[in-house]
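> I'd like to go over a predicted model; first the sequence, then the structure.
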Amino acid sequence: MSIDQSDTGLLASSTIAEELTAQECQVLAGIMGVRSLNDGELLVSEGQKENTLFVLMEGKLAVIGSVLGQELVVYTMHKGECAGTRAFVDRTPRKATLRAIGDATVYTMTPAAFESLLDSNPHIVYKVMRALFRITHSNLLRMRDESQELVNYVSKIHGRY
């Protein structure tokens, strides 16, 4: 299913479209699809060789990783956040499972659809790639902070534990 052009305002509020104008959001929305998920429904599984980028528009998604053979929610995505940036750019298998928490709506974009904009709208491609870099950098900073918190907890330093 494709995005209703009246819903491009939702896309404009996402992290992937921070630099895009309303008109550029309409162009980007034109190459995107929509997935509606019910509570608990699986969007993608760890290890899958599917490269779609996901932008959460409504609801929440659990980012689930495997730890010692057990599934563990490592992050809860909120409206406007993106998932699958690494698989989208590198075309490598998924490193996490994504599952809906409550009903959710996700906009989807395949690498082939995105690359179709290279000749006609290179400025949109550039702005989206900048956004993907910012998203990845933000995720790395969050992981660094969480790792430091774990070290502090295990070491019982900084007096908070």
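Alright, I've got the coordinates. What you are looking at is a predicted structure, and each value in this text was computed from that prediction instead of being measured.

> which residues in this protein form helices?
For the chain, applying DSSP state H gives helices covering 8-12, 22-29, 85-90, 111-115, 117-120, 122-155.

> For S45, which of those is the nearest?
Relative to S45, the nearest member of the helices of the chain by Cβ to Cβ is helix 85-90, separated by 11.7 Å. In this view, the C-beta of every residue, glycine as well, is placed from N, C-alpha and C.

> Show me the longest strand that occurs in this structure.
Secondary structure of the chain per DSSP state E: the longest strand is strand 53-67.

> Taking helix 22-29 as reference, get the angle to that strand.
If you take axes from the mean of the first three to the mean of the last three Cα atoms, to 10 degrees, strand 53-67 sits at 60 degrees to helix 22-29.

> mean pLDDT for the helices of the chain: which is lowest?
Across those, helix 122-155 has the smallest mean pLDDT, namely a mean of 79.

> sorry, back to before: reformat the helices of the chain as CSV; add distance to V67 and mean neighbour count.
As requested, the helices of the chain are arranged in CSV below (distance: least, Cβ to Cβ, whole Å; neighbours: other Cβ atoms under 10 Å):
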stretch, distance to V67, mean neighbour count
helix 8-12, 33, 19
helix 22-29, 35, 18
helix 85-90, 19, 17
helix 111-115, 29, 14
helix 117-120, 38, 12
helix 122-155, 13, 13
